[in-house]
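**Student:** Give the three-dimensional model of this entry:
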Amino acid sequence: MLTKVYGSAVFGVEATTITVEVNVALGIGYHLVGLPDNAVKESNFRIAAALQNNGLKVPGKKIIINMAPADLRKEGAAYDLTIALGILVASGQIEAMEIGDYVIMGELSLDGALQPIQGVLPMAIKAKEDGFRGLILPEDNAREAAIVEGLEVLAASNITQVINHFNNKEPITPTVVDTQSEFLRQLDFPEFDFSDVKGQESTKRAMEIAAAGGHNIILIGPPGSGKTMLAKRLPSILPPMTLQEALETTKIHSVVGKTTNSGLMSQRPFRSPHHTISDVALVGGGSYPQPGEISLSHNGVLFLDELPEFKRSVLEVMRQPLEDREVTISRAKFTVTYPSSFMLVASMNPSPGGYFNDPDAPVTNSPAEMQRYLGKISGPLLDRIDLHIEVTPVPFEKLSDDRKGESSLLIRERVRAARMLQTQRFVDVNGVHYNAQMSTKQLRTFCPLDRTSKELLQNAMEQLQLSARAYDRILKVARTIADLENKDELLPEHIGEAIQYRSLDREGWMG
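**Tutor:** Down below sits the predicted model:
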């Protein structure tokens, strides 16, 4: 007897429906075809034990299982439940007239229990697109799949529950999640708050500008000046994710199994990889590509602490993703694209010893040593960082002050207002949502300068010896400063403040 059961395979962040055809006929043998990997091939042992321990069996006949389309590689143990139910229906041990209405996925334990799987959200989205009635999967994945509205999500803890559901003995109650309330539940309770930061008013101002315009930022200062503390609080002032952004982010984390039982991610991701990370781990890849840290930071923040300590090859592979906001990984037989629209926040000491031009410092370095240290960061990478901020140590008077600083919620309201202006400005511009994404052509349109502003910018570039590449960055930052003040025109004070944020372009830093 021939039966068809449906599963799903994830490639990149998108899923493809897999048809599992099971034919049971006279003869002997178990044949699994359709480009399965070793984990799928080993499923027959798990399935046999699980069925036996639940009063069922794999029939002693010739079993041929085809996983179509046969040219796509099938990976992992998530097809155990799909194949097991196909065998039971094809051998007549259960009657499941409606089994073709569902996508079925789940890894089996030897006692028949269902283990959680990865990539559930893309599977659920694809199942709805392809017109399936619902999705059957392990309990631990239920809330994640239930984010997709209009899809019946049936969660089971073991294979017996699934069998009883199809035999109409104990129907499984669908899992329902209120996506909107789930999304809004944790928005206004940030774990790290700017009110905890003592002093550093100028740096907090720069962080607010970076958040408002989506600008990349680098913090330069001696050890203990608060660079990491400030960076960890940046997500708390970013605008809340839209529902579409939350779905995109959750989908990426679902592929690598990093979602929680709460389902939809409502907080913007904050990723902080160690400086020993490889280029593949950062941008994604591998024999069977997986998202890297920059994709896991999508719609959030990627924090690189002690930037010069990262291998130069690792930093250089970020250049294209920073520009294109996506990563394309090519292999001989397929190509995978992962989104990577993130804010880069980097921190570094100004010299190997951590101190710069400080005669009282415990460790000092010569100008040549400092230049060699800063030279580990390439000019093209710095070209993609809009704000260079010098962070100074906080004096004792401010550290001992018991008064709380401005809260993240208050700062975020100003950031949200500025982002709304940018959304309206770029409503007809494809692929641009905030100021940091503007091209040179759009700068000429949205950042016109009066004569005073032009003269100020010209004098600054000549006297401070700013590089030519700083010109566009200054205009973008100035546009964001104006948006925070709800001003349509760029004023000289906006240009003047933006010029301050190009420390590494000055003579004496990068040369």
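
**Student:** Low-confidence stretches in the stretch 151-300 of the chain?
**Tutor:** The stretch 151-300 of the chain contains residues with pLDDT under 70 at 180, 182-190, 260-262.

**Student:** Now do the strands in it.
**Tutor:** Secondary structure of the stretch 151-300 of the chain (DSSP state E, counting those that start in this stretch): strands at 152-156, 217-220, 270-271, 284-285, 290-291.

**Student:** Just put those in a markdown table and tack on mean neighbour count and distance to Pro171.
**Tutor:** Heads up, the C-betas are built off the backbone N, CA and C, glycines and all. As requested, the strands of the stretch 151-300 of the chain are arranged in a markdown table below (neighbours: other CB atoms under 10 Å; distance: least, CB to CB, whole Å):
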| stretch | mean neighbour count | distance to Pro171 |
| --- | --- | --- |
| strand 152-156 | 22 | 9 |
| strand 217-220 | 24 | 54 |
| strand 270-271 | 20 | 42 |
| strand 284-285 | 24 | 41 |
| strand 290-291 | 22 | 37 |
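
**Student:** May I see these arranged in CSV, with distance to Leu234 as well?
**Tutor:** Output for those, formatted as CSV (distance: least, CB to CB, whole Å):
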stretch, distance to Leu234
strand 152-156, 35
strand 217-220, 8
strand 270-271, 8
strand 284-285, 23
strand 290-291, 21
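
**Student:** Quick one, which of these gets closest to Leu315.
**Tutor:** strand 217-220 (11.9 Å; CB to CB).

**Student:** Going by secondary structure, Leu336 is in what exactly?
**Tutor:** One thing to correct before we go on: residue 336 is Val, not Leu. strand 335-339 (DSSP states H and E).

**Student:** ok, that strand: who's next to it in the sheet?
**Tutor:** strand 326-330 (antiparallel) (DSSP bridges).

**Student:** Please save the CA atoms from the partner strand in CSV.
**Tutor:** The C-alpha coordinates for strand 326-330 follow below in CSV (Å, rounded to 0.1, in the frame of the first residue of the first chain):
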residue,chain,number,x,y,z
GLU,A,326,22.5,40.7,3.7
VAL,A,327,24.9,37.8,3.4
THR,A,328,25.0,35.4,0.4
ILE,A,329,26.7,32.1,0.9
SER,A,330,27.4,30.1,-2.3
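
**Student:** contact partners of that strand?
**Tutor:** 283-285, 289, 292, 294-295, 320-321, 335-341 (CB atoms under 8 Å, 6 or more residues apart in numbering).

**Student:** Let me know the angle separating the longest strand that the chain contains from strand 335-339.
**Tutor:** Among the segments of the chain that qualify as a strand by DSSP state E, the longest is strand 14-25. Between strand 14-25 and strand 335-339, the angle comes out at 130 degrees (axes from the mean of the first three to the mean of the last three CA atoms, to 10 degrees).

**Student:** Check the offset of strand 14-25 from the chain's centre.
**Tutor:** 31 Å (CA atoms, centre = their mean, to the nearest Å).

**Student:** on contacts alone, who are the packing partners of the helix or strand following that strand?
**Tutor:** Sequence-wise, the next helix or strand downstream of strand 14-25 (DSSP H and E) is strand 29-33. Contacts defined by 3 or more CB pairs under 8 Å, 6 or more residues apart in numbering; DSSP states H and E place strand 29-33 against helix 43-52, strand 62-68.

**Student:** Next secondary structure after strand 29-33?
**Tutor:** Strand 29-33 is succeeded, C-terminally, by helix 38-41 (DSSP H and E).

**Student:** So Asn141 sits against Gly119, correct?
**Tutor:** No - the pair Asn141 / Gly119 is not scored as a contact, 9.5 Å apart, by CB atoms under 8 Å.

**Student:** who's more crowded, the two?
**Tutor:** Asn141 (31 against 25; other CB atoms under 10 Å).

**Student:** what residue is smack in the middle of this structure?
**Tutor:** Leu296 (2.7 Å; CA atoms, centre = their mean).

**Student:** who touches stretch 307-322?
**Tutor:** 216, 218, 275, 277-279, 282-283, 294, 304, 327, 340, 344, 346-349, 373-374, 376-378, 380-381, 384.

**Student:** One more pass at 6 Å, please.
**Tutor:** Stretch 307-322 has contacts (CB atoms under 6 Å, 6 or more residues apart in numbering) with 275, 279, 282-283, 294, 327, 340, 346, 348, 373, 376-377, 380-381, 384.

**Student:** how far does it sit from the chain's center?
**Tutor:** Computed by CA atoms, centre = their mean, the chain-centroid distance of stretch 307-322 equals 18 Å.

**Student:** if you average pLDDT over that stretch, what comes out?
**Tutor:** In this model, stretch 307-322 has a mean pLDDT of 89.

**Student:** And for stretch 87-105?
**Tutor:** Mean pLDDT, stretch 87-105: 92.

**Student:** what comes up buried for stretch 66-80?
**Tutor:** Buried residues in stretch 66-80, counted by 16 or more other CB atoms under 10 Å: Met67, Leu72, Arg73, Lys74, Glu75, Gly76, Ala77, Ala78, Tyr79, Asp80.

**Student:** What about the residues you listed, which are in helices?
**Tutor:** Asp80 (DSSP state H).

**Student:** Can I get the buried residues of stretch 66-80 in CSV including pLDDT and distance to Asp428?
**Tutor:** Formatted as CSV, those follow (pLDDT from 0 to 100; distance: CB to CB, whole Å):
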residue, pLDDT, distance to Asp428
Met67, 96, 46
Leu72, 88, 39
Arg73, 88, 42
Lys74, 93, 44
Glu75, 91, 42
Gly76, 91, 44
Ala77, 93, 48
Ala78, 95, 43
Tyr79, 97, 46
Asp80, 97, 50
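
**Student:** Among the buried residues of stretch 66-80, list the two that are farthest apart in space.
**Tutor:** Longest span within these, CB to CB: Leu72 and Asp80, 18.3 Å.

**Student:** And the strands of the stretch 151-300 of the chain: which comes nearest Phe396?
**Tutor:** strand 217-220 (21.5 Å).

**Student:** Put the alpha carbons of the host helix or strand of Ile495 into PDB.
**Tutor:** Per DSSP H and E, Ile495 falls inside helix 492-500. Extracted C-alpha coordinates of helix 492-500, given in PDB (Å, rounded to 0.1, in the frame of the first residue of the first chain):
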ATOM      1  CA  PRO A 492      25.300  74.900  11.100                       C
ATOM      2  CA  GLU A 493      25.000  73.600  14.700                       C
ATOM      3  CA  HIS A 494      23.900  70.200  13.400                       C
ATOM      4  CA  ILE A 495      26.900  70.100  11.100                       C
ATOM      5  CA  GLY A 496      29.200  71.300  13.900                       C
ATOM      6  CA  GLU A 497      28.000  68.500  16.300                       C
ATOM      7  CA  ALA A 498      28.400  65.900  13.600                       C
ATOM      8  CA  ILE A 499      32.000  66.900  12.900                       C
ATOM      9  CA  GLN A 500      32.900  66.200  16.500                       C
END
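
**Student:** list the helices and strands it packs on?
**Tutor:** helix 451-463, helix 470-484 (3 or more CB pairs under 6 Å, 6 or more residues apart in numbering; DSSP states H and E).

**Student:** Can you tell me which of the ones you listed is packed in deepest?
**Tutor:** helix 470-484 (a mean of 24; mean count of other CB atoms under 10 Å).

**Student:** Give me the mean pLDDT for that helix.
**Tutor:** pLDDT averaged over helix 470-484 gives 91.

**Student:** cool, stretch 328-339 as well?
**Tutor:** 83.

**Student:** Please tell me how far that stretch is from the chain's geometric centre.
**Tutor:** Per CA atoms, centre = their mean, the displacement of stretch 328-339 from the mean C-alpha position of its chain is 17 Å.
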